[in-house]
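Undergrad: What follows is a protein structure lacking sequence information:
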């Protein structure tokens, strides 16, 4: 399994960030019709970096990470992922999607396939991996997210937390270089949030490049290199987690933090 | 005041209370649960009591099973001798009797692999699928039409249940893939593809099948150069296939619209191409949702084959009509229609039951 994982851990000590850019956004704008959702986004994510994006709903955080794997189209500016520029060229988009895994708020597992089939579908059809090999790799990842015993079940038979862990395993099976998380715990009961966050922390510790839209501030403090605060389509503030939480600079950030941390 | 509660022991799991089994309990919950249900039950029983004895007398106890014409039917019940005497015509039309074996063989070669495909857990599904999809059509054509040293039997001689099945199975087999493609095309972002598909769907759907058949049979030859003829059965097949595909396209589109956007996004995020996403993720779910609609269309199509009467093709109903109009069998049209109804019912009910079992088999728990 995961040749690049082992390579990464061999060459780099854990939790370090390389100089090399994994994702680069330059002066990126996006509109939904007349609505200007993302305004002049400049962001460089280095290999091995773990970024948490937070902000009020409607601030464009999900749209931002959905632009990175081409689920949303940007109208202006430049997005480069893993040295491939994201344009209308379908081959480029497919190449990027092979290297970028994504985990969704509502899991989006394929309900007609078993857990194992969910995990092996893309490796078999996109990576052209032999079935047996894909299944072995999938079982290894299911063990990593601690649910190998559910492999033969259908997603509809699992709890929300289990489904989200399967979704993470499904993405990892493609052996991605970058993982995007779009509010992965927002649809979960409190008891299940912890089990998903545990998996994500483990992933972060393995050196995966991650961008995570989440309101789990404990997670942000624990694993993020950088926290980005967005509001009304703009990056308002970004800083290291300690500085961000203890000493926010912008008024909007202060207001947001006081609101989410007050209860 | 708050009542203070601390539980130290968990409540044990108990079996459910005795919900009652046995015939008396069943009767009480299903037939006599309220006073008006009791009344309905009694009323229905009374109706059955009135209807069943004369019906059974007519259909079985007083029926004539043997005979050469309606003159042999003297006992006052049903004259099943009609079916007995004309059975081969009802099945094969005017296909030459010495070649019946070709039709029978074609039927067997179809039924066996299809049974393998439909029965869960049967071995050799791949071979059966390839055989039915690729090898069977030319084999069946050669058997039915002639060739390879076999005498030619023109389609004008085809008829009866044989023709009905040909006219039903081919459009059914074509309509599902073609309808699926049309449905995908209608949702395409490319205007040319979308508009062509909209045309192919809306045109046949907006006219009655009778009109489609009539145009295929009468109007089309007017536009063909003299000397060029297209076989009548083929024309009917083309018309019915497009007609069925148009309906099927809208059924499938309904299923496509029921699939949440997240399924498309998850498939795309994994790097699946459009056709893989559709074939592996979206269509298996969409088609499963619309199984009732698909089977509905199949059943409708099966019964619509009777309309080919209008263009002079003699399907089973037309053969029965013709037989009961003959002087020897005057007054036996009820028996003929009952027989036709039984045959149609068997096929349609079979499709319906199979679709239910398929739905149960494909059920994988709740969505999401």
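TA: Yep, that arrived. Nothing here was measured: the structure is a model prediction, and the numbers come from that model.

Undergrad: Can I take it that residue A:56 is in a strand?
TA: No. Assessed with DSSP: H, G, I helix; E, B strand; the rest coil, residue A:56 is coil; it does not lie in a strand.

Undergrad: gap between it and chain B?
TA: Using C-beta to the nearest C-beta, to the nearest Å, residue A:56 is found at 23 Å from chain B. For glycine as for every other residue, the C-beta is placed from the backbone atoms N, C-alpha and C.

Undergrad: For chain A, what lies in contact range of chain B?
TA: For chain A, the residues in contact with chain B (C-beta under 8 Å from any C-beta of the partner chain) are A:69-71, A:94, A:97-98, A:100-102, A:104, A:106-112, A:121-122, A:125-126, A:154-157, A:163, A:167, A:170-171, A:174.

Undergrad: And residue A:10, what's its pLDDT?
TA: At residue A:10, the model reports a pLDDT of 39.

Undergrad: Name the residue closest to the centre of chain B, please.
TA: By C-alpha atoms, centre = their mean, chain B has its centre lying nearest to residue B:299, at 3.6 Å.

Undergrad: quick one, what contacts it?
TA: By C-beta atoms under 8 Å, 6 or more residues apart in numbering or on different chains, residue B:299 lies in contact with B:348, B:351-352.

Undergrad: list the buried ones in the helix or strand hosting it?
TA: Assessed by DSSP states H and E, residue B:299 sits inside helix B:291-304. By 16 or more other C-beta atoms under 10 Å in any protein chain shown, the buried positions in helix B:291-304 come out as B:291, B:293-299, B:301-302, B:304.

Undergrad: pretty sure residue B:278 contacts residue B:184?
TA: Yes. Residue B:278 is within contact range of residue B:184, at 6.5 Å (criterion: C-beta atoms under 8 Å).

Undergrad: what about those two, which has more around it?
TA: residue B:184 (21 against 18; other C-beta atoms under 10 Å in any protein chain shown).

Undergrad: Surely that one is in contact with residue B:277?
TA: No. If you go by C-beta under 8 Å, residue B:184 and residue B:277 don't touch, sitting 11.0 Å apart.

Undergrad: Let's verify residue B:32: helix, strand, or coil?
TA: Judged by three-state DSSP, the three-state class of residue B:32 is coil.

Undergrad: Quickly find the element holding the residue lying closest to it once chain neighbours are set aside.
TA: Spatially, and ignoring its direct neighbours in sequence, residue B:32 is nearest to residue B:38 (4.6 Å; C-beta to C-beta, 6 or more residues apart in numbering or on different chains). Using DSSP H and E, residue B:38 maps to helix B:35-56.

Undergrad: Which helix or strand lies directly C-terminal to that helix?
TA: Following helix B:35-56 in sequence, per DSSP H and E, is helix B:81-92.

Undergrad: That following helix: which residues count as buried?
TA: B:81-83, B:85-86, B:89-92.

Undergrad: can you tell me which two in these are farthest apart?
TA: Across the buried residues of helix B:81-92, the longest distance by C-beta to C-beta is 19.2 Å; it joins B:81 and B:92.

Undergrad: residues in contact with the regular element (helix or strand) spanning residue A:218?
TA: Per DSSP H and E: residue A:218 is located in helix A:217-223. Residues from elsewhere that reach helix A:217-223 (C-beta under 8 Å, 6+ apart): A:50, A:52, A:54, A:197, A:200-201, A:204-205, A:212, A:214, A:227, A:241-242, A:245, A:260-261.

Undergrad: Repeat that for stretch A:138-158.
TA: A:1-2, A:107, A:109-116, A:118-120, A:123, A:162-163, A:165-166, A:168-169, A:172-173, A:195, A:199, A:202, B:364-368.

Undergrad: which SSE is the closest residue to residue B:118 other than its chain neighbours in?
TA: Leaving out its chain neighbours, the residue that sits closest to residue B:118 by C-beta to C-beta, 6+ apart is residue B:354, at 6.6 Å. Secondary structure from DSSP H and E places residue B:354 in helix B:333-362.

Undergrad: likewise residue B:250?
TA: In this structure, residue B:250 sits in helix B:232-258 according to DSSP H and E.

Undergrad: If you count contacts, what does that helix end up packed against?
TA: helix B:160-186, helix B:191-205, helix B:209-214, helix B:283-289, helix B:291-304 (3 or more C-beta pairs under 8 Å, 6 or more residues apart in numbering or on different chains; DSSP states H and E).
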